[in-house]
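**Student:** structure of the sequence below:
(2 chains)
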Amino acid sequence: GENVEQHPSTLSVQEGDSAVIKCTYSDSASNYFPWYKQELGKRPQLIIDIRSNVGEKKDQRIAVTLNKTAKHFSLHITETQPEDSAVYFCAASKDSGGSNYKLTFGKGTLLTVNP
Amino acid sequence: DSGVTQTPKHLITATGQRVTLRCSPRSGDLSVYWYQQSLDQGLQFLIHYYNGEERAKGNILERFSAQQFPDLHSELNLSSLELGDSALYFCASSVGSGRALAIEQFFGPGTRLTVL
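**Tutor:** I've put the predicted structure just below:
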């Protein structure tokens, strides 16, 4: 089955700096890659996603890049703010048949933005 | 607010007991996914239902079962509970069709299960 590796497990940056989180996946058939932000005790919240027919997607301060050949994708957050502090999860998915798009998650990255 | 609701928010019970977790998907969503989140295992897929039918199973124990009802809400039943079943249980819903932009999953607030 699919395996998603995520690095780093913790990341501390100064407010205003950029943060980059990287993930690799094992199943070359995966074609959908969402990123979730989870604050302590809260639900995972979809912040951005990318499909395999696109190499890069940007939404304000957040961008995601995908390299299908290398099977890795990254989340980039620019001009970080204290409210960006949370655990970020990457995930990979594909149509497993019967409209099933189960998500396989990375282990998460705890991002701390210091004021 | 994702539009996905889950009840109860917290559940404390004893080993050997049985509990039922409930999930109501966003209006119009046909797919319901259940995930378990624990410190050691992370976020893991349990089971998927689409329009009332089971479509896939993941790392779900035989003591666990689920169903999706005609009104599309779903229930996850956990029986013969063990200490290790303590975790956050999330459901997520999506439109579920194969069309583009219809597979994003939106998570509910979760049920925190504590088995004592």
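**Student:** from residue B:64, how far out is the spatially most central residue of chain B?
**Tutor:** Geometric centre of chain B, nearest residue: residue B:34, 2.9 Å, by CA atoms, centre = their mean. Distance of residue B:34 to residue B:64, given as CB to CB, to the nearest Å: 9 Å. From N, CA and C alone the C-beta is placed, and that goes for glycine too.
**Student:** tell me how many other residues crowd residue 57.
**Tutor:** If you meant another chain, say so; for now it's chain A. Close neighbours of residue A:57, defined as other CB atoms under 10 Å in any protein chain shown, add up to 15.
**Student:** switch to chain B, that's the one I care about
**Tutor:** Residue B:57: 14 neighbours (other CB under 10 Å).
**Student:** how many residues are close by the nearest residue to residue A:4 once chain neighbours are set aside?
**Tutor:** Spatial nearest neighbour of residue A:4, excluding adjacent residues (CB to CB, 6 or more residues apart in numbering or on different chains): residue A:106 at 4.5 Å. Residues near residue A:106, counting by other CB under 10 Å, number 25.
**Student:** tell me the contacts of residue A:106?
**Tutor:** By CB atoms under 8 Å, 6 or more residues apart in numbering or on different chains, the contact set of residue A:106 is A:4-6, A:23, A:89-91, B:42.
**Student:** residue B:102: which of the residues you listed is nearest?
**Tutor:** Nearest to residue B:102, judged by CB to CB, of those is residue A:91 at 16.7 Å.
**Student:** sorry, back to before: need phi/psi at the residue nearest to residue A:4.
**Tutor:** phi -80, psi 180 (degrees, to the nearest 10).
**Student:** need the pLDDT of it.
**Tutor:** Confidence at residue A:106, expressed as pLDDT, is 97.
**Student:** try the one 5 residues further on
**Tutor:** Looking at residue A:111, its pLDDT is 98.
**Student:** so where's chain A shaky on pLDDT?
**Tutor:** Within chain A, not a single segment meets pLDDT under 70.
**Student:** thinking again about what came up before, report pLDDT for the residue nearest to the centre of chain B.
**Tutor:** Reported pLDDT for residue B:34: 97.
**Student:** thanks a lot, see you next time.
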